[in-house]
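Chemist: here is the input, now give the coordinates:
(2 chains)
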Amino acid sequence: MAVKANTKRNNVLPGFNLSLGFTLAYLGIVVLIPISTIFFKTFTLTWPQFWAAVASPRTIAAYRLSFGASIAGALVNSVFGFIVAWSLVRYEFPGKSLIDVMVDLPFALPTSVAGITLTAIYASNGWIGRYLAPLGIKVAYAPLGVAVALTFVGLPFVVRTIQPVLEDLDQEYEEAAATLGASRLQTFVLVIAPALIPALLTGFALAFARALGEYGSVVFISGNMPMHTEVVPLLIMSKLEQFDYAGATAIAVVMLTVSFVILFGINVLQRWSSRRLAA
Amino acid sequence: MSIELRNISKKFGDFVAVDNINLHIETGELVALLGLSGSGKTTLLRIIAGLETPDTGEVLFHGEDASDVSVRERKVGFVFQHYALFRHMTVFENIAFGMRVIPRRARPAEAVIARRVHELLKLVQLDVFADRYPSQLSGGQRQRVALARTLAVEPKVLLLDEPFGALDAKVRQELRRWLRRLHDEIKITSVFVTHDQEEALELANRIVVMNQGRIEQIGSAEEVYHHPANAFVYNFLGNVNLFHGRIENGRVFLGDTAVELENTHTHAHPETGKAVLYVRPHLLEIVMKPNGKQTFPATVKSINPAGPQVKIELVAEWGDMVQVEIDHERYRALHLEPGANVFLRPKEPKLFVYSI
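Modeler: Modelled structure (predicted):
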């Protein structure tokens, strides 16, 4: 007589069906339905119309700037956010809690405020901009300014994802490496960094995703010159202002798809690297 | 390599972790630092390793001051309680780590490293696990990998911080015996920290009993167990019954009963004063009839016959709880039941006198 396998898992907390149902309904209302309308609107276009909207030189320039500046910002944040997290976790210094709070400011600050402030500082007559201008470095109203703004908004994501992992990383590992004869650099490269890679990837992905969608701060610092300093969200906005709804959603579809693929890729990479660390 | 500690002290804030310790460890010895948590034993071990800097005093390796020698140059193997294996590396890579971080000029060839790793894996009986990750191993296996990783760099001194503390009782015993055999084989100067007196007594050539940052006694298992220097050591090494009493004119009084001290290893004590009498549970005899001044009455409370000895809990006439261990044969002969009134005779009490 075959023993029927008990397929239903008994968990301590019941309510799997309820929570799954709730999750799907919630995601449906909050995420899927709004996003699906973008696709439905785009379907009103014919193929040539779609192609014209998503592959015009101006749009392609915007893609390039958006993705390029977002990746640059996320990379910069990965390096410096790591250093900030490291300092906050490993060292005691006066004003530490103040700095800890400051990290969250880009979360809380309205992005337009950030944009105006950054523009004021980096304009050729601003506090910092006036010293950069003689060197031929133009920040405000240039692609560099976009990258600066996107770095600003992405910083907390990297710091806040690395911080808890770093706190959990016992100093014993470093001590073990030292007693085995490893130098500080070897300890960092061979022992600490590999343990932080999953968190660093997550932080990078979050900062990158946040930067891709950023609108408020970029509007002010970029100058919004088509072909030069126009980011995709802004291009979509200007299409909307011209009542070209289908054109706007077509670009949105491209952005959405590419972002999804990139984030999914990072997610896979992150899972792969963290699986090896699972204790 | 011999280790010498001179006047070592270390404070953490106001807490004195290590208080002016002097200790000499001979080449090839296996020494246990035994104490409760907070006794400073781990701090002392970390000072020897160079992971902690003492406030005062110096550590000498082979007669040379090591104060300015960094951790990585001390050639000290350190085994952590929670293994500290690198989780993203396989067992093989973990063990090879110490050899791979040697500067390129002096680094052995990859083939030499591989051969050495496999030798060590054989030594710790884990040759089939070379490609596993630490997360795929049991606690006992992880600790053996950690030990192999440490031995790979051929340390002059092996330091182990509660090496078996995180393992369950059965594995702990196995590893203990295995470490004993390993030490007999490779004769490396070793110091291990433990709070488990049984572990210290079984493994070490010499035991350093620590309490509140100070050394209470140094000696072989035999010495510290049978000739404890003071009440703390006796109390700490094994179960013990503790009776408060008085000494008057050289006679000990427990409650209302005067116990005649016969055949005791008492330490010098005044004619009169407060005293604490320590008796190990297996050194109390249960008799059915009183025997003059050498016995005192007690009532049986509970009996636990599981194990090699029968553990009996009694209440002395004056209210103290008393633990007694007798063998099964004696237990059967006595026909004991809870509630029975019996008499206890201390066979080898140790007397320590409070200074008042």
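Chemist: and for residue B:44, the neighbour number?
Modeler: 28 (other Cβ atoms under 10 Å in any protein chain shown). No exception for glycine: its C-beta is placed from N, CA and C like everyone else's.
Chemist: chain B against chain A: which residues are in contact?
Modeler: Listed as neighbours of chain A in chain B under the rule Cβ under 8 Å from any Cβ of the partner chain: B:49, B:51, B:70-72, B:74, B:76-78, B:80, B:82, B:84, B:86-88, B:97-98, B:101-102, B:133-135, B:149-150, B:152-153.
Chemist: run the last query once more with 6 Å
Modeler: Listed as neighbours of chain A in chain B under the rule Cβ under 6 Å from any Cβ of the partner chain: B:51, B:71-72, B:76, B:78, B:80, B:84, B:86-88, B:97-98, B:101, B:135, B:153.
Chemist: which residue ranges form the strands in the stretch 151-300 of chain B?
Modeler: Counting by DSSP state E, counting those that start in this stretch, the stretch 151-300 of chain B has strands at residues B:157-161, B:189-194, B:206-211, B:214-219, B:241-248, B:251-254, B:257-259, B:273-279, B:284-287, B:296-304.
Chemist: as JSON lines, the ones you listed with mean neighbour count and mean pLDDT would be great.
Modeler: Below are those laid out as JSON lines (neighbours: other Cβ atoms under 10 Å in any protein chain shown; pLDDT from 0 to 100):
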{"stretch": "strand B:157-161", "mean neighbour count": "24", "mean pLDDT": "93"}
{"stretch": "strand B:189-194", "mean neighbour count": "24", "mean pLDDT": "94"}
{"stretch": "strand B:206-211", "mean neighbour count": "24", "mean pLDDT": "94"}
{"stretch": "strand B:214-219", "mean neighbour count": "19", "mean pLDDT": "93"}
{"stretch": "strand B:241-248", "mean neighbour count": "17", "mean pLDDT": "81"}
{"stretch": "strand B:251-254", "mean neighbour count": "18", "mean pLDDT": "76"}
{"stretch": "strand B:257-259", "mean neighbour count": "19", "mean pLDDT": "69"}
{"stretch": "strand B:273-279", "mean neighbour count": "18", "mean pLDDT": "79"}
{"stretch": "strand B:284-287", "mean neighbour count": "18", "mean pLDDT": "89"}
{"stretch": "strand B:296-304", "mean neighbour count": "16", "mean pLDDT": "91"}
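Chemist: how close does residue A:45 sit to chain B?
Modeler: 48 Å (Cβ to the nearest Cβ, to the nearest Å).
Chemist: in the stretch 101-250 of chain B, where is pLDDT below threshold?
Modeler: Within the stretch 101-250 of chain B, the stretches with pLDDT under 70 are B:250.
Chemist: and the stretch 51-200 of chain A, which residues reach chain B?
Modeler: Applying Cβ under 6 Å from any Cβ, we find that the stretch 51-200 of chain A lies next to chain B at A:172, A:173, A:175, A:176, A:178, A:179, A:180, A:181, A:182, A:186, A:191, A:194.
Chemist: and those residues, which is the shakiest by pLDDT?
Modeler: Minimum pLDDT for those is recorded at residue A:194 (88).
Chemist: show me what contacts that residue?
Modeler: By Cβ atoms under 6 Å, 6 or more residues apart in numbering or on different chains, residue A:194 lies in contact with residue B:88.
Chemist: you'd agree it is in a strand?
Modeler: No. Residue A:194 is assigned helix when assessed by DSSP: H, G, I helix; E, B strand; the rest coil, not a strand.
Chemist: okay, the residues of the stretch 51-200 of chain A next to chain B in JSON lines with secondary structure next?
Modeler: Listed next are those as JSON lines, based on three-state DSSP:
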{"residue": "A:172", "secondary structure": "helix"}
{"residue": "A:173", "secondary structure": "helix"}
{"residue": "A:175", "secondary structure": "helix"}
{"residue": "A:176", "secondary structure": "helix"}
{"residue": "A:178", "secondary structure": "helix"}
{"residue": "A:179", "secondary structure": "helix"}
{"residue": "A:180", "secondary structure": "coil"}
{"residue": "A:181", "secondary structure": "coil"}
{"residue": "A:182", "secondary structure": "coil"}
{"residue": "A:186", "secondary structure": "helix"}
{"residue": "A:191", "secondary structure": "helix"}
{"residue": "A:194", "secondary structure": "helix"}
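Chemist: ok, back up a step: could you dump the strands of the stretch 151-300 of chain B into TSV with distance to residue A:30 added?
Modeler: TSV is the format used below for these (distance: least, Cβ to Cβ, whole Å):
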stretch	distance to residue A:30
strand B:157-161	51
strand B:189-194	55
strand B:206-211	61
strand B:214-219	64
strand B:241-248	67
strand B:251-254	77
strand B:257-259	81
strand B:273-279	71
strand B:284-287	73
strand B:296-304	62
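Chemist: just tell me which of these ends up closest to residue A:21.
Modeler: Nearest to residue A:21 among the strands of the stretch 151-300 of chain B is strand B:157-161 (50.8 Å), distances taken as Cβ to Cβ.
Chemist: paired strands for that closest one, with orientation please.
Modeler: strand B:76-79 (parallel), strand B:189-194 (parallel) (DSSP bridges).
Chemist: for the first one, buried residues please.
Modeler: Pointing back at strand B:76-79 there. If you call a residue buried by 16 or more other Cβ atoms under 10 Å in any protein chain shown, then strand B:76-79 has these buried ones: B:76, B:77, B:78, B:79.
Chemist: can you name the two of the residues you listed that sit furthest apart?
Modeler: Taking Cβ to Cβ, no two of the buried residues of strand B:76-79 sit farther apart than B:76 and B:79, at 10.7 Å.
Chemist: rewinding a little: out of the strands paired with strand B:157-161, flag the one nearest residue A:153.
Modeler: Closest approach to residue A:153 among those (Cβ to Cβ): strand B:76-79, 44.3 Å.
Chemist: which stretches of the stretch 1-150 of chain B form helices?
Modeler: Per DSSP state H, counting those that start in this stretch, the stretch 1-150 of chain B carries helices over the ranges B:41-49, B:91-100, B:110-123, B:139-151.
Chemist: got a list of contacts for the last one?
Modeler: It refers to helix B:139-151. Residues outside helix B:139-151 that contact it (Cβ under 6 Å, 6+ apart): B:77, B:79, B:83, B:85, B:91, B:94-95, B:120, B:124, B:126, B:134, B:166-167, B:171, B:175.
Chemist: out of the residues you listed, give me the one that has the most neighbours.
Modeler: residue B:95 (30 neighbours).
Chemist: quick check: it touching residue B:134?
Modeler: No. At 11.2 Å, residue B:95 and residue B:134 do not qualify as touching, with contact defined as Cβ atoms under 6 Å.
Chemist: what's the neighbour count on the closest residue to chain A within the stretch 251-356 of chain B?
Modeler: Nearest residue of the stretch 251-356 of chain B to chain A: residue B:306, at 32.9 Å (Cβ to the nearest Cβ). Residue B:306: 7 surrounding residues under other Cβ under 10 Å.
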